[in-house]
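Enquirer: Here you go, sequence then predicted model.
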Amino acid sequence: MAHQLHFVLFPLMSPGHFIPIVDMAKLLAQHGPTVTIITTPLIAARFRHTIDRAAASGLPLRLLDFTFPSTEVGLPNGCETLETVTSQDLLKKFYVALHMLQQPFEQLLERLEPKPTCMIVDKYLPWAAETARKFRIPRILFDVMSCFYLLCFHTLHVSEVHESVTASEPFVLPNFPDTIVLTKSQLPGLFNPGSLDAVRLKEFRERISVSESEAYGIVLNTFEELEHRYVDEIRKVKGQKIWCIGPLSLCNKDSSDKAQRGDMASIDEIECLKWLDEQEPGSVIYACLGSISRLCPPQLVELGLGLELSKRPFIWVIRGDEKAEEVYKWIEEDGFEERVKGRGLIIRGWAPQVLILDHPAVGAFLTHCGWNSTLEGVCAGVPMVTWPICAEQFINEKLVEAVLETGVSVGAEAVVSLFDEDKRGVVVKREAVRNAVEKVMGGGEAAEEKRKRARELGEMAKRAVEDGGSSSLNVKLLIQDMMEQANNMTPTEDHK
Ligand code: UDP
């Protein structure tokens, strides 16, 4: 007898991870399987509206949560996502809490009806390998990175090319499909010991790598046409099933879904759209540096001054963390908001990013190059001004600059370690911001060429998720594969 498919999805507690998982849940449910997202209460609250809307439209989708052990590990109450982790000490505790999620997750799985037939779990929750063994269901790993990044990671790992250079000495990635020049100071923590607690990271990476090798397959938020050589290479390197099913953000058709994606927006949806409607098509630069990366207040001020200097309309998102107050204060005391009145819209807090990027008035995206944002910029068909800050972002910048050729860098040169932003000060000057904006939005053949390529990539992205497109096909293949696995499964009573 054919099984009823039931996917259980469990994301890491960070917007760049749980936002695409929620999109993926909707996408899978649109194809028939029952989908349950399991998460923690504060994250569930941010998605309740979206999930309720999807369920009310008939999608077999639900959201369950269990308590995040913040207080047990000494985290402040409410510190449940990486956005609120503001020191090395809190980060250590956060990792401990992540490790404690296995038991409550398994208790919930045991009670689920219908019984889960497979699970998609974030790569950063390696204990899920054991859970999958206990429940005897296939575990698919969700990796939030691009294939380009994964191949960079692999190449650095096997070649150790970065070991024989100084921090600022440029090197070329060996045996790589494109010529990619990097420096050690641009690399993520594991390869760049100056940037984080590398020993601890190494241990954690090793656990992830074991859990990855045991996974049934990997699902990625990318599409084959965007980086097909890298998809092919990474399939060879991993020797595992890989399904590229993105861009996942494109599953949000409804404007409320776009506006509330990830959190309630800090600006009224209608007011935001009205402001955009008043601008010329392709004239606005949208500047947002993601959900967890940090720049010090003086550097943020310099970014604002760069936007002012560009003399173009802009939307500037200033995340509402504890440092933002200093920037808000400067905005008022300096008279900045008054000077840019009419052409500068400041969002203090959470922006409805996909709603904004999808508007025809937006002509470029100043981004920190988190993978979701990068892909959302690709979908919007706009060129990018790149300002990587930490983690994998400098590598994503290389993809945009050197492979897709749709971006111009502001010239950030080194990873700013998480929690160390105040030590760095102002490294990117306002003129550099203005110049990079001009190179993607201004006149001249090179800028026009970038805009044209960006438009073409945007069209390609949309075709990938349409019926018959590569990602649409990959979703069907994933579901078919899980159906075959479910039909071969031993009875669910044996799963415990
Ligand atoms: N995002 C948003 N509004 C904001 C900030 C971020 O909607 O004000 C979303 C953005 O659209 C993306 C995600 O949060 O989907 C951030 O993920 P990304 O990988 O770009 O960067 P991270 O925040 O993980 O560094």
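Expert: Arrived safely, thanks for sending.
Enquirer: Share the number of residues neighbouring Lys439, please.
Expert: 18 (other Cβ atoms under 10 Å). Glycine gets a C-beta too; all of them are placed from N, C-alpha and C.
Enquirer: OK, contacts around it?
Expert: Applying Cβ atoms under 8 Å, 6 or more residues apart in numbering, one finds that Lys439 lies in contact with 408, 446-447, 450.
Enquirer: and Gly290, what is it in contact with?
Expert: Gly290 sits in contact with 16, 367-368, 370, 373, 389, where contact means Cβ under 8 Å, 6+ apart.
Enquirer: switch to 6 Å and redo it
Expert: 368, 370, 373 (Cβ atoms under 6 Å, 6 or more residues apart in numbering).
Enquirer: Low-confidence regions, the stretch 1-150 of the chain specifically.
Expert: Scanning the stretch 1-150 of the chain with the threshold set as pLDDT under 70 gives 1-3.
Enquirer: again, but for the stretch 301-450 of the chain
Expert: For the stretch 301-450 of the chain, no range has pLDDT under 70.
Enquirer: Try it again at 90.
Expert: 320-324, 391, 416-425 (pLDDT under 90).
Enquirer: Can you pull the residues of it lying near the ligand?
Expert: Within the stretch 301-450 of the chain, the positions lying close to the ligand (Cβ under 6 Å from any ligand atom) are 317, 350-351, 353-354, 370-373, 376.
Enquirer: Which of the contacts of Gly290 fall in helices?
Expert: Counting by DSSP state H, the contacts of Gly290 place Ser373 in helices.
Enquirer: between the contacts of Gly290, which is nearest Ala132?
Expert: Nearest to Ala132, judged by Cβ to Cβ, of those is Gly370 at 27.9 Å.
Enquirer: That closest one - how many residues pack around it?
Expert: By other Cβ under 10 Å, neighbour count at Gly370 equals 25.
Enquirer: So for Gly194, what's the pLDDT?
Expert: Looking at Gly194, its pLDDT is 53.
Enquirer: what's near enough to touch Leu309?
Expert: Counting by Cβ under 6 Å, 6+ apart, Leu309 touches 430, 434.
Enquirer: Who are the contact partners of Gly344?
Expert: So Gly344 contacts Phe314 (Cβ under 6 Å, 6+ apart).
Enquirer: Next, find the distance separating it from Leu250.
Expert: Distance of Gly344 to Leu250, computed by Cβ to Cβ, to the nearest Å: 29 Å.
Enquirer: swap in Glu326?
Expert: 37 Å.
Enquirer: Kindly report the same for Lys184.
Expert: Distance from Lys184 to Leu250, by Cβ to Cβ: 36 Å.
Enquirer: Please report how far the residue of the stretch 51-200 of the chain found nearest the ligand lies from Trp275.
Expert: Closest residue of the stretch 51-200 of the chain to the ligand, Cβ to the nearest ligand atom: Val144 (6.4 Å). From Val144 over to Trp275 the distance is 31 Å, taken as Cβ to Cβ.
Enquirer: between the two, who's got more neighbours?
Expert: In this view Val144 and Trp275 are compared by other Cβ under 10 Å, and Val144 has more residues nearby, 23 against 18.
Enquirer: Neighbours of Gln279, how many?
Expert: 21.
Enquirer: Check which helix or strand it maps to.
Expert: Counting by DSSP states H and E, no helix or strand carries Gln279.
Enquirer: And the spatially closest residue to it that is not a sequence neighbour, how far from Leu305?
Expert: Of all residues not flanking Gln279 in the chain, Ala361 sits nearest, at 4.0 Å (Cβ to Cβ, 6 or more residues apart in numbering). According to Cβ to Cβ, Ala361 and Leu305 sit 23 Å apart.
Enquirer: mind checking how far whichever strand or helix holds Gln480 is from the chain centre?
Expert: Using DSSP H and E, Gln480 falls within helix 470-487. With Cα atoms, centre = their mean, to the nearest Å as the basis, helix 470-487 stands 24 Å off its chain's centre.
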